[in-house]
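Novice: 3D model of this:
(2 chains)
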Amino acid sequence: MPKGWRSTTLIPVITLLAFAVLPHLYNNQFLLFNMMMYMALAQGLNIIYGYTGYLPFGYVGFFGAGAYGGALAITFLHWSPYLAVLAGGGAAVLLGMILIPLFRLSGAYFSIASLAAAEALYYVVANPGLEPLTQGPYGISLPQVYDPNGAYWTMLAILLFSLIISGVIRRSRFGLALSAIRESPLSASMSGVNVVKLRSISWLLSALIAGLAGAAFGWYISVFYPETVFGLGIGVFTIVFVLFGGIGTVLGPMIGTLILYGVYNYIGISTPEYFQLAYGLLIMILVLFLPNGLVSLARKRGLNVA
Amino acid sequence: MSLLEYAVLAGIFYGLYFALVGVGLNLIFGVMRIINLAHGDFLILGAYGAFYVFHLFGWNPLWAIPIELVVFFGLSLPLYYLLVPRLQKSGDPEMLSFILFFGLSQVIEALAVFAFGNDQRSIPASVFGGSPVTIAGQVYPASWVVSAAVGMAGITLIYLYLYHTRIGRATRAIMTERSEAVVTGISVHRVSAVAFGIGIATAALAGIFSPFMIGAIAPSLGMGITVTSFTIIVIGSLGNPLGTVLGGLLYGEALMLMQTFLTSWAEMFPYALLILVLLVKPTGLLGKAVRSA
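Specialist: Have a look, this model is predicted:
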C-alpha cells in the first residue's frame, strides 16, 4: 500500500476502536457523542472549505435541515430512526441542491449568503404558521424512538463515513482537482477541470454529512427546538475546530476537535460564566497567531500530515 | 390617511436610519476587504452608552453623540493596529476576518453581559418631546424623525469626508486599487485606521437611536443587527458607502410594508431579501465591477 493510503485507512480504524472502547471507560456518553458529531461535521466542512476554499458560514443550516428532515420522517412517515437519519441526510442534500446557485458568488459574498440561507431556513422552520408541520417554535419531541445507544453507534458510523470520504478525496484525482479549484478556479477550468461539477459534488457531500449528523443528533436528544439545531454556534464551532487543526487534511480537523472541544468542555463545566469570553479570545488568538492550524507547526518540523 | 401611505413614509424614516446602521460596515469592507462581524455588537455598545447617559445623568441621549464619537473612534485606532495588519499578512484575510471578528463579537458580548447584565434595556421615546410629528397628514413619533435626521447627517458627513478631503481621496484610492495606492505613497495603514475608526464610531452613533428604531437592547442582539446591516449594504453594493443610502431606503420601505401587511414573515424577511439580491445581482444595485469565477 502506498504511504499516503496507509494513514488514510489508519485514521478511521483508530477512531472506530477509540469510540467503541471509550463508552466502557468514561460514563459521559453525551460528551463522547458530541465529540464524534463535531468530528464528523469538521470533516464535512473540510470537504468544502478545506479542499475547495469556500467557507459556508451558515453550515449549520444543513445540520438543522437534517435534524428536522429526520424528525419529520419519524413523526409523519413512522420510519425507523435508522432510515430517518438517511432521510435527514437527504433533506440536507436537497437543501444543498437548492443552494447551488450560491456558487455564483465568491469569497465573502458566498459566506454571507450561506449564513443568510441558514437563518432564513431557521425562521421558516420556527414560524408559528407552520406549526402543523414543524411544531414551529414549540420544538420537536420524539419519545417513541428514544434510544441513545442506537444513536451513538449511528453517529460513529457517520463519523467513519465522513473520514473515509474525506481521506479518499484527499488522495484521489478528485481531491487534486478540488485543490486546483481552490488555488485558482480559472486556471483549473483551463486545465480541463469541470469546476462547476466537482464543486457541486463536494458541496453535496459536505451537506450530506452535516444532514446525517443533524438527524442522528436530533434522534439522540429526541427533544429539541429550532434554535437548538440552527444555532450559529454549531457551525462556528466546527469552523474553528477545522481551522485550529489545519484545513485540507484529514488528521488536522480530528486533532483540532479533540483538543478544542475538550478545552471548551473543561471551561464550560468549571467556569461557565467565562465560557463565551474564553471562546471568543481563543478564536481571535488562533486566527492571529496560528492561521494555518496545528498542522502548520508539524509541517515546519518537516512532518508530512495525512 | 391610508395604511399604505403611512407605511411608505415610515419606510423613508427607517431607511435613512438604516443607511447609518450599515454605512460603517460598508466603509470597513470597502477599504480593508475585511468583514466586521462585530459591527452589530459595537452598535449595541453605543446603545448602552445612550442608555447610561440618560439613566445615570438624566441627560438627553443626544448628548451621547459627541461623547461616543470621540470614545469609539479613539478606542478603534489601537484595535485596528492590534488586529488588522496581522490579519492582512495571512493567506486569506477576507475569509479569516469572518472568524476573527466573530471571536471579537463573542468577546464584546461576554464583556457586555458582565458589565450590563442580560436584562433588556430601553429609553422612553418621550425624551425627544412628547408630541408626535405630523407630516403629510400622517402622525409619527418624534424619535423616528430625529433618528432619520441624524442618519442623513451622518451619511452627509461621510460623503464630505470621502469626496472633499485629502485623506478621503486617499481612502477612495485604496478602495479602488489598493496596490496602486501603495505605490503612489499613500500611507495605507494610517488611512485604513481612520476609516476603521469612522466605521465603528458610526455604528455606535446608530446605536444611540436603536432603542427607538430597533427595540429594547440586550447584549445578544449584535449578530442579528450585523446580518441586517449586511442586507442593507449588499443591496446598495458592498464596498460602496454611498450605495448604502439606496440599500437603507429600499430595506426600510420593504420592512415597513412587510410589517404592515405580512407581519408573521417579517422576521425572516431580511435574510430572504439578502439571498435574492445576491443571486439576482451579486454586485448590488449600484455595483460596477463583476467578480470573476
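Novice: ok, and the closest non-adjacent residue to the residue in the stretch 151-293 of chain B that chain A sits nearest to?
Specialist: Closest residue of the stretch 151-293 of chain B to chain A, CB to the nearest CB: residue B:268 (3.2 Å). Where C-beta positions appear, they are placed from N, C-alpha and C, glycine not excepted. Distance criterion CB to CB, 6 or more residues apart in numbering or on different chains; nearest residue to residue B:268, sequence neighbours excluded, is residue A:123 at 3.2 Å.
Novice: OK, contacts around the one you found?
Specialist: Neighbouring residues of residue A:123 by CB atoms under 8 Å, 6 or more residues apart in numbering or on different chains: B:265, B:267, B:268, B:271.
Novice: what is the burial count for the second one?
Specialist: The number of residues packed around residue B:267, counting by other CB atoms under 10 Å in any protein chain shown, is 17.
Novice: please apply the same query to the last one.
Specialist: Counted by other CB under 10 Å, the residues lying close to residue B:271 total 25.
Novice: now do residue A:186
Specialist: By other CB under 10 Å, neighbour count at residue A:186 equals 11.
Novice: do whichever strand or helix holds it and chain B come into contact?
Specialist: Element membership for residue A:186, per DSSP states H and E: helix A:185-190. Yes - contact of helix A:185-190 with chain B (CB under 8 Å from any CB of the partner chain) involves A:185, A:186.
Novice: buried sites along that helix?
Specialist: Across helix A:185-190, burial judged by 16 or more other CB atoms under 10 Å in any protein chain shown covers A:185, A:188.
Novice: next SSE downstream of it?
Specialist: Beyond helix A:185-190 toward the C-terminal end (DSSP H and E), the next one is helix A:195-221.
Novice: and that next one, what's buried?
Specialist: A:195, A:198-199, A:202-221.
Novice: which intervals of chain B have sub-threshold pLDDT?
Specialist: Filtered on pLDDT under 70, chain B yields the residue ranges B:1, B:129-130, B:282-293.
Novice: packing partners of the longest helix along chain B?
Specialist: When chain B is scanned for its longest helix (criterion: DSSP state H), the result is helix B:3-32. Helices and strands touching helix B:3-32, by 3 or more CB pairs under 8 Å, 6 or more residues apart in numbering or on different chains; DSSP states H and E, are helix B:39-57, strand B:138-140, helix B:142-164, helix B:166-176, helix B:188-208, helix B:210-213, helix B:222-236, helix B:243-261.
Novice: contacting residues for residue 39?
Specialist: Since you didn't name a chain, this refers to chain A. Residues near residue A:39 by CB under 8 Å, 6+ apart: A:15, A:159, A:162, A:253, A:254, A:257, A:258.
Novice: please go with chain B instead
Specialist: B:24, B:25, B:28, B:199, B:203, B:222, B:225, B:226, B:229.
Novice: swap in residue B:256?
Specialist: B:7, B:8, B:10, B:11, B:14.
Novice: again, only using 6 Å
Specialist: Residues counted as contacts of residue B:256 (CB atoms under 6 Å, 6 or more residues apart in numbering or on different chains) are B:7, B:10, B:11, B:14.
Novice: quick check: the gap between the residue of the stretch 101-250 of chain A found nearest chain B and residue B:126.
Specialist: In the stretch 101-250 of chain A, the residue that lies nearest chain B is residue A:123 (3.2 Å; CB to the nearest CB). Note on residue A:123: its distance to residue B:126, by CB to CB, to the nearest Å, is 33 Å.
Novice: ok, now residue A:234?
Specialist: Using CB to CB, residue A:234 is found at 42 Å from residue B:126.
Novice: got it, and residue A:233?
Specialist: 38 Å.
Novice: over to residue A:273?
Specialist: The value you get for residue A:273 to residue B:126, if CB to CB is used, is 36 Å.
Novice: what of residue A:279?
Specialist: In terms of CB to CB, residue A:279 sits 40 Å off from residue B:126.
Novice: more neighbours: these two, which one.
Specialist: For residue A:279 versus residue B:126, neighbours defined as other CB under 10 Å are more numerous around residue A:279 (22 against 11).
Novice: quick check: closest non-adjacent residue to residue 34.
Specialist: I went with chain A, as the question did not name one. Spatial nearest neighbour of residue A:34, excluding adjacent residues (CB to CB, 6+ apart): residue A:261 at 7.2 Å.
Novice: hmm, I had chain B in mind actually
Specialist: The shortest distance from residue B:34 to any residue other than its chain neighbours is 3.6 Å, reached at residue B:97 (CB to CB, 6+ apart).
Novice: part of a helix, is the one you found?
Specialist: Yes - assessed with DSSP: H, G, I helix; E, B strand; the rest coil, residue B:97 lies in a helix.
Novice: how about the nearest residue to residue A:152, chain neighbours excluded?
Specialist: Using CB to CB, 6+ apart and skipping the chain neighbours, the partner closest in space to residue A:152 is residue A:33 (5.6 Å).
Novice: now the angle from the helix or strand containing the one you found to helix A:195-221?
Specialist: In the assignment (DSSP H and E), residue A:33 maps to helix A:29-45. Angle, helix A:29-45 to helix A:195-221, by axes from the mean of the first three to the mean of the last three CA atoms, to 10 degrees: 170 degrees.
Novice: for helix A:29-45, buried residues please.
Specialist: A:32-45.
Novice: closest to chain B among those residues?
Specialist: Distances from chain B to those, taken by CB to the nearest CB, are shortest for residue A:45, at 12.2 Å.
Novice: cool, thanks, talk later.
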